[in-house]
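A.B. asks: Starting from these lines, generate the structure:
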Amino acid sequence: MARQVYEGRTLSSLSFPPVRAVGRGAAWYRGDCHVHSVRSGGGELTPEELALGARAAGLDFIATTEHRSAAEPGVWGHLATEDFLIVLGEEVTTKTGHWLALGVSPGQVVDWNYGVRDGLIDQCLDQVHRVGGLCVAAHPHVPYPSGDFMYSFQGFDVVEVWNGPWTSDRPWNADNEAALAEWGRSLAADIQTGSWRPAMGNSDTHLEGQIGIPHTVVFAEELSTAAILAGIRSGRSWIAESAAVEVSFTANVEGRIAGVGELLATHGGRVEVRAAIQGVPAATVSFHTDRGKVHRAALPGDGAGVVQWHTTAEDSAFVRIEVRHPNGPVAALTNPVILF
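C.D. replies: Sure thing, here's the model as predicted:
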């Protein structure tokens, strides 16, 4: 079995996943933070099948998010390797909305038996934050009782704007178009107050063939739970429908460059925004700011191309992009670059 590294020690096996893998150092890592095994209601895959499927889909990490329960000791530890990280989590399925607790302690179970009127959500979020975890508002527009998200996003760190295939008839997949629109509308005001919440995308895997559709691509200093969660929390991430999709998105003013989730001091200068895309044939790239959709351009038939646009901080508080297939579904989207 491959070596596993935990808090600086090399171990041959653990009863729970190690918090650090060797990885590639500071790099972009692909991961799916919403997956269910046979230990969740509706889940049909074993942990081993999930890990194999994730590797086949080109992922570097997954998060265990069983319904209302923690990852069981001894179930996941042997599946983590030098270059594949498993983050411990839970899908907290409350009576008035679901959320993901990522980075919880081994065996930790976050309470789920309450609704918005019970006033317990803040103390449950605090329970996750105290151990360095991340709280994600999950599929906020699912069309069934208890799934529609009734809580304020305040207190949550991230919003899952893309859950499963962009369009799906499966009841647990969200109305992704509505979730993205709601998040996009909130960005301007939230950036103005310094409280914006990054977007992420996950598969909500229950069945074979779902894992990694979509997933979050995050820049992290290393392949560890703490570094991955820090990258997601800061918005240094974008969402892809598959590992075939590559996106590079930057803003440049007088040689100063910032990427997704970063701030760019423009000093009043003209900003060149550049998006390089691969893997989405005949797609349309659209640029979005606090003024809405401000620019769009088509990619060539082979799906590889570069689109540039210019703005200023006076005209645009931020810039983000969406990459859509010719018939409308999203293939990739980014968190914003913030201009000031």
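A.B. asks: only C-alpha atoms for contact and neighbour calcs from this point on.
C.D. replies: OK.
A.B. asks: Am I right that Arg185 is in a helix?
C.D. replies: Yes: applying DSSP: H, G, I helix; E, B strand; the rest coil, one finds Arg185 inside a helix.
A.B. asks: Please work out how many residues are found near it.
C.D. replies: A count of nearby residues for Arg185, using other C-alpha atoms under 10 Å, gives 14.
A.B. asks: All further residue positions should be reported with the first residue as 58.
C.D. replies: In the new count, where the first residue is 58, that last one comes out as Arg242.
A.B. asks: Quick check, pLDDT for it.
C.D. replies: We have a pLDDT of 96 for Arg242.
A.B. asks: Repeat that for Ala59.
C.D. replies: pLDDT, Ala59: 36.
A.B. asks: Can you mark which positions in stretch 129-137 are buried?
C.D. replies: Buried residues in stretch 129-137, counted by 16 or more other C-alpha atoms under 10 Å: Glu129, Trp133, Gly134, His135, Leu136, Ala137.
A.B. asks: Quick check: end-to-end length of that stretch?
C.D. replies: By C-alpha to C-alpha, to the nearest Å, the extent of stretch 129-137 from end to end equals 14 Å.
A.B. asks: repeat for stretch 220-227
C.D. replies: End-to-end distance of stretch 220-227 (C-alpha to C-alpha): 11 Å.
A.B. asks: What lies in contact with that stretch?
C.D. replies: Stretch 220-227 has contacts (C-alpha atoms under 8 Å, 6 or more residues apart in numbering) with 196, 230-234, 258-262, 267, 270-271, 298, 386-387.
A.B. asks: Equivalent analysis for stretch 81-99, please.
C.D. replies: By C-alpha under 8 Å, 6+ apart, the list of residues contacting stretch 81-99 from outside reads 100-104, 107, 115-124, 144, 148, 157, 159, 258-263, 268-269, 271-280, 300.
A.B. asks: Give me the subset of these that lies in helices.
C.D. replies: Pro104, Leu107 (DSSP state H).
A.B. asks: Can you turn the buried part of the contacts of stretch 81-99 into a PyMOL selection?
C.D. replies: Filtering the contacts of stretch 81-99 down to the buried ones (16+ other C-alpha under 10 Å) takes a single PyMOL command:
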select buried, resi 100+101+102+104+107+116+117+118+119+120+121+122+123+124+144+148+157+159+258+259+260+261+262+263+268+269+271+272+273+274+275+276+277+278+279+280+300
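A.B. asks: Can you tell me which of the contacts of stretch 81-99 end up in strands?
C.D. replies: The strands, defined by DSSP state E, take in 118-124, 144, 148, 157, 159, 258-259, 272-277 from those.
A.B. asks: Surely Met257 is in contact with Pro271?
C.D. replies: No: taking contacts as C-alpha atoms under 8 Å, Met257 lies outside contact range of Pro271: 9.3 Å.
A.B. asks: Give the intersection of the neighbour lists for these two.
C.D. replies: Trp219, Ile296.
A.B. asks: Specify the beta-bridge partners of Ile296.
C.D. replies: Counting by DSSP bridges, Ile296 forms beta bridges with Thr273, Leu390.
A.B. asks: for it, what are its contacts?
C.D. replies: Taking C-alpha under 8 Å, 6+ apart as the criterion, Ile296 is in contact with Met257, Gly258, Pro271, His272, Thr273, Val274, Ala389, Leu390, Thr391.
A.B. asks: TSV for those, including pLDDT and distance to Leu182?
C.D. replies: Converted to TSV, the contacts of Ile296 look like this (pLDDT from 0 to 100; distance: C-alpha to C-alpha, whole Å):
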residue	pLDDT	distance to Leu182
Met257	98	18
Gly258	98	20
Pro271	98	25
His272	98	23
Thr273	98	22
Val274	98	24
Ala389	98	29
Leu390	98	27
Thr391	99	26
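A.B. asks: farthest pair in these?
C.D. replies: Of all pairs drawn from the contacts of Ile296, the greatest distance, 12.9 Å, lies between Pro271 and Thr391 (C-alpha to C-alpha).
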